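> Need a 3D model of the sequence below.
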Amino acid sequence: MGTESIRRDVVEAATYWMTDPCQELTDLRPVEELFGEDCFDLPKMKERLAPEIYEALIQTVERGKPMTDKAVADEIAKAMRQWATERGATHYTHWFHPLTGTTAEKHDSLYKLDPMKGYVAHLSASALIQGEPDASSFPSGGLRQTFEARGYTAWDPTSPAFLIRGVNTATLCIPTAFVSWTGEALDKKTPLLRSMDAISEQSMRVLEFFGNSNGVHNVYSTMGCEQEYFLVDARFLAERPDLLLCDRTLFGAKPAKGQELSDHYFGAIPGRVLAFMADAERELWRVGVPVQTRHNEVAPGQYEFAPLFENANVAGDHQMVLMETLKRVAKRHGLHAILHEKPFKGINGSGKHTNWSLSTSLGQNLLNPSDDPHANQQFMLFVSAVVRAVHLHADLLRSTIASVGNDHRLGAHEAPPAIISIFLGDMLTDLLEQIEKGSPTRSLRGGTLDLGSNMLPQLPRDSGDRNRTSPFAFTGNKFEFRAVGSTMTATWPLTVMNTIVAESIDYIITEVESKAGKGASAEKKQEAVNAVLREVVKDHKAVVFNGDGYSQDWQEEAARRGLPNIKSSADAIPVLKAPKNIELFQKYKVLTQPEVESRATIFMEKYSTSLAIESETMLQIARQMILPAAFAHQKDLAETAAATEGSGVDCPGIREELESYASLVEQFRNSIGELASRVDKIPEDAFEAGSYLRDQIRPGMADLRELGDRLETVTPVDRWPMPSYRDMLFIK
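Numbers count the residues shown, from 1 in each chain. I've put the predicted structure just below:
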């Protein structure tokens with residue numbers, strides 16, 4: 001398209017935004033009627049299954065017992081098929097999370113041809129339990145060769161099936177694990193479920209030691225993710241190859257106004273955006289995703305959704321559904337949802353703050369301090385285990401958030417630094433200090449806030465402030481891993497979190513049991529817990545930091561404390577293959593050595609390939625869009641200067657502007673050549689390429705962008721070949 005069509009698109013988008021033609025919702029049923037209607041959850045199963053079949057299912061879902069009776073699976077498959085076809089479904093799919101970071105599905109018909117009856121609905125137990133997708137085209141990191149194509153999907157009965165609706169279609173999605181023919185995990189779900197088994201086993205030991213295991217079948221990790229994203233008018237997408245191919249802008253001059261006034265954060269939601277949010281929410285509610293919060297985020301054009309806490313496995317599935325729903329529903333409203341961590345330079349990027357906790361099968365939150373946390377040894381044991389885990393495995397946690405996009409975000413004034421530390425707040429920090437000195441005897445209280453007006457209530461104040469600069473913060477009854485990137489599958493950081501905490505709980509409770517001895521009295525148990533926690537605090541308190549994580553002082557202090565500061569994903573990803581990490585995963589049966597090594601390879605391949613795609617896209621934009629526009633304007637300046645001087649008028653100002661602009665264009669052209677020569681030398685090996693891309697390609701891209709953005713500021717709007725930041729961020 002030429003510049004005329006580009007400007008027309010901008011005008012059309014602005015007109016659309018100004019008139020705010022939001023369609024009224026046609027389905028305004030109460031949420032309690034709408035929620036879960038397209039989700040085949042336990043209440044619906046109970047209605048359709050015989051009591052003995054339902055009880056067998058509960059044994060699997062709530063107690064982790066394998067479903068070995070084919071008759072049970074047959075009845076469940078029949079009930080699931082009836083429910084789905086009654087709601088218009090014609091196909092089903094085994095829905096899984098391959099190591100691409102997205103989801104995968106292959107649709108099969110819910111109907112088969114019967115010679116006597118014609119088409120009849122059918123879903124067998126074998127089809128429910130196991131599928132056989134082609135595994136050769138998914139990344140395996142060397143676990144499978146191209147000619148080794150067989151893979152299996154295995155039904156996960158703990159995560160409810162749901163319907164995905166499209167134009168004249170409804171598809172039954174059955175959450176599944178995905179493994180190779182050899183049984184090795186090729187997905188994100190399988191290691192998560194294994195890690196949940198590991199942390200349940202170790203946590204149950206703690207409950208049994210304190211006599212709190214009565215009626216508790218298991219302990220499971222919970223998760224709640226805060227999903228940040230941007231919205232731009234879809235009209236701009238075709239004119240931005242960088243957004244189309246890379247989901248971020250590779251060029252773009254800073255607008256006169258950004259987020260400086262802090263007027264977008266928690267501001268009134270624009271009508272068109274609110275219509276999108278309401279539409280997305282209702283789709284999510286229908287499939288059982290409990291979306292709780294919506295609001296404007298810090299940057300213009302940036303927003304957030306956040307669901308309620310759930311079982312980590314179900315929450316992981318729901319997080320993927322949420323991201324897919326945002327992208328799909330945005331198109332319906334003429335918008336494009338951007339999930340990239342840093343789509344626009346100079347303003348806040350997007351994260352996926354991942355909240356993690358532990359809950360018993362009876363619903364007790366094990367990270368809830370209770371009224372007197374200093375007297376709650378069980379709570380302090382779990383907190384100390386987290387502190388020890390993060391201190392020992394900070395490098396491994398850093399590797400879980402490694403990506404090209406997150407490298408742009410970490411350490412900026414919107415996200416925590418690459419140094420992994422823990423914020424505990426005043427109360428817990430004081431308790432650790434008391435433990436180190438002896439036995440805790442008090443808990444700090446927050447008191448109340450008197451707001452100075454009789455009209456306003458006195459507010460209960462928390463015992464400590466929040467710290468948005470911390471990558472890992474205790475926030476009342478959970479830990480918030482703030483460093484997770486917005487595009488990421490949150491189940492991988494959760495898998496590692498479960499594993500490292502399981503190891504720490506194992507270590508601590510083993511030491512406590514040894515010191516207390518068998519048949520120990522309550523007093524002896526208390527002494528043993530205090531003694532072990534005292535040593536844990538002394539050895540691992542270096543990871544606790546409640547100050548400003550953005551400050552240079554902290555960078556220096558963290559180095560003195562021996563905390564790793566891994567700034568680049570190219571350095572973070574290989575950490576996964578360290579012997580101590582392989583041994584950790586193997587010990588708790590979360591991943592085998594080949595599974596660990598394959599993931600390191602896959603993550604590095606994705607990092608290298610993504611950066612290579614960005615650099616190639618940047619070169620294409622520079623050569624095919626920006627450079628022609630710059631030459632055209634340079635020609636205009638030259639013709640203007642020649643015509644002016646030809647008329648006998650001296651024009652040193654125009655001549656100076658021409659020379660300055662021509663110099664900038666030449667620098668830009670030379671920078672294109674320099675980056676292109678570096679791109680041609682990218683190594684084929686993923687790990688070699690990672691270092692090369694970090695040291696050569698990213699600096700070259702930064703140089704080219706700096707010149708391109710300068711060109712945008714001195715080139716007429718009608719000459720510039722792409723929608724500007726001003727257009728994309730403020731026209732909704």
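
> wait, what's in contact with Lys188?
His97, Pro98, Leu99, Gly316, Thr489, Thr491, Trp492, Thr495 (Cβ atoms under 8 Å, 6 or more residues apart in numbering). For glycine as for every other residue, the C-beta is placed from the backbone atoms N, C-alpha and C.

> hey, where'd the strands end up in the stretch 451-600 of the chain?
459-460, 472-474, 479-481 (DSSP state E, counting those that start in this stretch).

> Now render those strands as JSON lines, adding mean neighbour count and mean pLDDT.
Formatted as JSON lines, those follow (neighbours: other Cβ atoms under 10 Å; pLDDT from 0 to 100):
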{"stretch": "strand 459-460", "mean neighbour count": "11", "mean pLDDT": "70"}
{"stretch": "strand 472-474", "mean neighbour count": "24", "mean pLDDT": "93"}
{"stretch": "strand 479-481", "mean neighbour count": "25", "mean pLDDT": "94"}
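
> Tell me which of those strands lies nearest to Ala50.
strand 479-481 (41.9 Å; Cβ to Cβ).

> Please state the offset of the closest one from the chain centre?
13 Å (Cα atoms, centre = their mean, to the nearest Å).

> What are the contacting residues of that strand?
353-357, 367, 386, 397, 401, 422, 471-474, 493, 497.

> quick one: which of those is most hemmed in?
Neighbour counts for the contacts of strand 479-481 (other Cβ atoms under 10 Å) peak at Ile401, which has 30 neighbours.

> Adjacent strands (with direction) for the lengthiest strand in the chain?
When the chain is parsed with DSSP state E, its longest strand is strand 219-233. If you go by DSSP bridges, strand 219-233 pairs up with strand 302-307 (antiparallel), strand 310-311 (antiparallel), strand 335-338 (antiparallel), strand 352-360 (antiparallel).

> Output those strands in a markdown table; the columns should cover distance to Ala542.
Shown next, in a markdown table, are the strands paired with strand 219-233 (distance: least, Cβ to Cβ, whole Å):
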| stretch | distance to Ala542 |
| --- | --- |
| strand 302-307 | 32 |
| strand 310-311 | 33 |
| strand 335-338 | 38 |
| strand 352-360 | 22 |
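
> sorry, back to before: going through the contacts of Lys188, which ones are buried?
His97, Pro98, Leu99, Gly316, Thr489, Thr491, Trp492, Thr495 (16 or more other Cβ atoms under 10 Å).

> Just say helix, strand or coil for the residue located most distally from the centre of the chain.
Using Cα atoms, centre = their mean, the residue of the chain lying farthest from its centre is Gly648. It sits 64.4 Å away. Taken by DSSP: H, G, I helix; E, B strand; the rest coil, the conformation at Gly648 corresponds to coil.

> quick one, phi/psi of it?
phi 90, psi 10 (degrees, to the nearest 10).

> do the same with Phe236
phi -80, psi -20.

> same question, Pro98
Residue torsions, per degrees, to the nearest 10, at Pro98 are phi -70, psi 180.

> Could you list the low-pLDDT ranges of this structure?
1-26, 135, 146-149, 411-415, 446, 449, 461, 463-465 (pLDDT under 70).

> For Leu245, see how far away the most centrally placed residue in the chain is.
What sits nearest the mean C-alpha location of the chain, by Cα atoms, centre = their mean, is Met488, with 3.5 Å. Counting by Cβ to Cβ, to the nearest Å, the gap from Met488 to Leu245 is 19 Å.

> Going by residue numbers, what spans are helices in the stretch 201-350 of the chain?
Taking DSSP state H, counting those that start in this stretch as the test, the helices found in the stretch 201-350 of the chain are 241-246, 271-286, 312-332.

> Just want to check the distance between the residue farthest from the centre of the chain and Val590.
According to Cβ to Cβ, Gly648 and Val590 sit 82 Å apart.

> Count the residues that sit near Glu297.
Neighbours of Glu297 using other Cβ under 10 Å come to 21.

> Distance-wise, check the closest residue to it other than its chain neighbours relative to Val529.
In this structure, Glu297 finds its nearest non-sequential neighbour in Glu304, 5.0 Å apart by Cβ to Cβ, 6 or more residues apart in numbering. Separation of Glu304 from Val529 (Cβ to Cβ): 40 Å.

> more neighbours, the two?
More crowded of Glu304 and Val529, by other Cβ under 10 Å: Val529, with 26 against 19.

> Quick one: residues contacting the more buried one.
Counting by Cβ under 8 Å, 6+ apart, Val529 has contacts Gln377, Met380, Leu381, Val512.

> so where do the strands sit in the stretch 101-250 of the chain?
Along the stretch 101-250 of the chain, the stretches classed as strands by DSSP E, counting those that start in this stretch are 107-109, 111-114, 118-121, 130-131, 151-155, 161-166, 169-180, 219-233.

> Parallel or antiparallel, which strands does the third one pair with?
In the sheet, strand 118-121 lines up against strand 111-114 (antiparallel) (DSSP bridges).

> Buried residues, the partner strand. List them.
Tyr111.

> List the backbone torsions phi and psi for Lys106.
Per degrees, to the nearest 10, the backbone of Lys106 is at phi -130, psi 120.

> what's the answer for Gly363, then?
phi 90, psi 10.

> count of residues packed around the residue lying closest to Pro716 once chain neighbours are set aside?
Leaving aside its chain neighbours, Pro716 sits nearest to His633 (6.3 Å; criterion: Cβ to Cβ, 6+ apart). His633 has 20 neighbours, counted by other Cβ under 10 Å.

> And for Ala50?
Ala50 - counted by other Cβ under 10 Å - has 11 other residues nearby.

> Against Pro43, how distant is the closest residue to it other than its chain neighbours?
Counting by Cβ to Cβ, 6+ apart, Glu75 is the residue found nearest to Ala50 once chain neighbours are left out, at 6.8 Å. Relative to Pro43, Glu75 is positioned 17 Å away (Cβ to Cβ).

> Between those two, which is the more surrounded one?
A direct count of neighbours by other Cβ under 10 Å for Glu75 and Pro43 places Glu75 higher, at 21 against 9.

> Let me see the contact set for that one.
Here Glu75 is in contact with Leu49, Ala50, Ile53 (Cβ under 8 Å, 6+ apart).

> In helices only, show me these.
Using DSSP state H, Ile53 are the members of those that sit in helices.

> which one of the contacts of Glu75 is nearest Leu627?
Leu49 (66.1 Å).

> what about Ala702, how many neighbours?
11.

> can I assume it sits in a helix?
Yes: assessed with three-state DSSP, Ala702 lies in a helix.

> and it, how far is that from Met618?
Distance of Ala702 to Met618, computed by Cβ to Cβ: 10 Å.

> likewise Arg694?
Taking Cβ to Cβ, one finds Arg694 at 16 Å from Met618.

> Right, I'll leave it there.
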